[in-house]
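Asks: Sequence first, then the predicted structure:
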Amino acid sequence: MTTTSNKKPVRKKPVRHEDEVHARSSHTRSGSGHSSSGHSTQGRGSVNHSTGEVRNKKKRPPESAKARSKKKRTKILLFIVEIFVLLLMVVVLYGVLKTEKVGKVDIPEEDIVINPEVEQKEETTMKGYRNIALFGVDSTTGALTKNTRSDTIMIASINLDSGECRLVSVYRDTYLNLSNDSYNKCNAAYAKGGPMQAINMLNMNLDLNITDFVTVGFAGLSDTIDALGGVMIDVDDAELQHINNYQLCMAQDLKRDYTPVTSTGYQQLDGLQATAYCRIRYTKGDDFKRAERQREVLMAVADKAKTASPATLNTIANNVFNEIYTSLDISEILELLGEISKYSIVDEGGFPDETYRATGTIGSKGSCVVPVDLTDNVTWLHKFLFQDDAYIPSEEVKSYSEKIKADTSGYIGSK
């Protein structure tokens, strides 16, 4: 029988719809979370009506933000700038103050789900780090908020003291708790509940404290790379066989022309070519290799963006500012744009780690990547991101791990 933790992830009040969130222009930006149909209980928690379970609300010291030193606050904001570049968010840096078309969303902190034990560790092993979720959605129509699966899921974590940034791809077919006690491929979380549910999914399964996100679609990625003058990528024989097929499909959807890639080797790719390169899946390595390609392109874009002129950034903003959906406070980022060169990507990897993963067709849910087991993977993740050699996963993660084992043990290795 699956074990159940005595401590439950903190469930917050229902997330408002996008139009309601935008209407709260005076609300301070915080993070993102999963929608829950609960109500207050004795002023301290909420009730999950499907289970009758009372969940405690997350508590934060009321003066915590004010208590931060000016130096630490500056480092946090500089970190946000670096991640913005990594996910091609330079489009916002000059355009957001001139238009309201950028998908900026303010979400109350109490809507975020963080495992109770993680909250305790925020002031110990995780202190000094900032984590952010990066999503690339498989949409050519501009549908960035929900009802579209996240083709790319990444976690970017930065050490605020050293400036070192680490990137981890969460493989989109990974079998996890979607943050609502249902289990499926993790990219379904974005489709069902947008970035709020996707962030909660990451926090609950991986013992993280993510509060911010950035989402970009195919058009935004392609146009940004074009404005930067392309990126240098090494295309091999297997990739050459697929890159133009992906280009053709996207060109038809986006109603634009494309230039076929005709040779292998290290070469400059334009926006559509590089975006197609990110999407290639059917080569040796499957989705694991695709996630590696996505990180490769993001790092190439980061290098280009760091040396881009203000005029280039302004061109990007004018062309693709409406292809972004984010929780970040852009006015603060603008003030610190010139500091992005202080940060550097020092390592990148994928979750689940190759040592602790398997694949299998999990009934009607199809082919999945299985974390074997989840606790071992979370221990590995915290060592990778935070250099924590002695991390012990929370009771919530242990419970999810047992459920995943029960659901998948009979399918691992099946085709």
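Replies: Yep, that arrived.
Asks: By residue count, which helix of this structure is the longest?
Replies: helix 286-306 (DSSP state H).
Asks: which helices and strands sit right next to it?
Replies: helix 70-86, strand 150-159, strand 164-170, helix 218-227, strand 231-235, helix 271-279, strand 344-351 (3 or more C-beta pairs under 8 Å, 6 or more residues apart in numbering; DSSP states H and E). C-beta coordinates here come from the backbone N, C-alpha and C atoms, glycine included.
Asks: which stretch among these comes nearest Glu395?
Replies: Closest to Glu395 of the helices and strands packed on helix 286-306 is strand 344-351 (C-beta to C-beta; 20.3 Å).
Asks: what's that closest one in contact with?
Replies: 86, 155, 163-171, 174, 206, 288, 291-292, 295, 299, 302, 371, 377, 381, 384 (C-beta atoms under 8 Å, 6 or more residues apart in numbering).
Asks: Got a quick ChimeraX command for the buried subset of those?
Replies: Per 16 or more other C-beta atoms under 10 Å, the buried members of these correspond to this ChimeraX selection:
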select :86,155,163,164,165,166,167,168,169,170,171,174,206,288,291,295,302,371,377,381,384
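Asks: Take the helices and strands packed on helix 286-306 and lay them out in a markdown table including distance to Tyr129.
Replies: Conversion of those to a markdown table gives the following (distance: least, C-beta to C-beta, whole Å):
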| stretch | distance to Tyr129 |
| --- | --- |
| helix 70-86 | 9 |
| strand 150-159 | 6 |
| strand 164-170 | 9 |
| helix 218-227 | 27 |
| strand 231-235 | 28 |
| helix 271-279 | 27 |
| strand 344-351 | 13 |
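Asks: how about the CA coordinates for the longest helix of the chain, as CSV?
Replies: Extracted C-alpha coordinates of helix 286-306, given in CSV (Å, rounded to 0.1, in the frame of the first residue of the first chain):
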residue,chain,number,x,y,z
ASP,A,286,15.1,10.6,-28.1
ASP,A,287,13.7,13.2,-25.7
PHE,A,288,16.9,13.2,-23.6
LYS,A,289,18.9,14.4,-26.6
ARG,A,290,16.2,16.9,-27.5
ALA,A,291,16.4,18.5,-24.1
GLU,A,292,20.2,18.7,-24.5
ARG,A,293,19.7,20.6,-27.9
GLN,A,294,17.3,23.0,-26.2
ARG,A,295,19.9,23.9,-23.5
GLU,A,296,22.5,24.2,-26.3
VAL,A,297,20.4,26.8,-28.1
LEU,A,298,19.6,28.7,-25.0
MET,A,299,23.2,29.0,-24.1
ALA,A,300,24.1,30.1,-27.6
VAL,A,301,21.4,32.8,-27.4
ALA,A,302,22.6,33.9,-24.0
ASP,A,303,26.1,34.5,-25.4
LYS,A,304,24.7,36.5,-28.4
ALA,A,305,22.3,38.6,-26.2
LYS,A,306,25.1,39.6,-23.8
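Asks: ok, back up a step: in CSV: the helices and strands packed on helix 286-306, plus distance to Gly193 and mean pLDDT.
Replies: Below are the helices and strands packed on helix 286-306 laid out as CSV (distance: least, C-beta to C-beta, whole Å; pLDDT from 0 to 100):
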stretch, distance to Gly193, mean pLDDT
helix 70-86, 22, 55
strand 150-159, 11, 89
strand 164-170, 16, 92
helix 218-227, 21, 86
strand 231-235, 32, 96
helix 271-279, 24, 94
strand 344-351, 20, 89
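Asks: out of those, which comes closest to Leu248?
Replies: helix 271-279 (8.7 Å).
Asks: other SSEs contacting the closest one?
Replies: Identification of packing neighbours for helix 271-279 by 3+ C-beta pairs under 8 Å, 6+ apart yields helix 218-227, strand 231-235, helix 237-254, helix 286-306.
Asks: Can you point out the buried residues in the shortest one?
Replies: Translated: strand 231-235. Neighbour-count burial for strand 231-235 [16+ other C-beta under 10 Å]: 231, 233, 235.
Asks: Repeat that for stretch 122-134.
Replies: Under 16+ other C-beta under 10 Å, the buried positions of stretch 122-134 are 125-126, 129-134.
Asks: For Asp407, state which of those is nearest.
Replies: Nearest member of these to Asp407, counting by C-beta to C-beta, is Ala133, at 24.6 Å.
Asks: which residues does that closest one form a beta bridge with?
Replies: Ile155, Phe213 (DSSP bridges).
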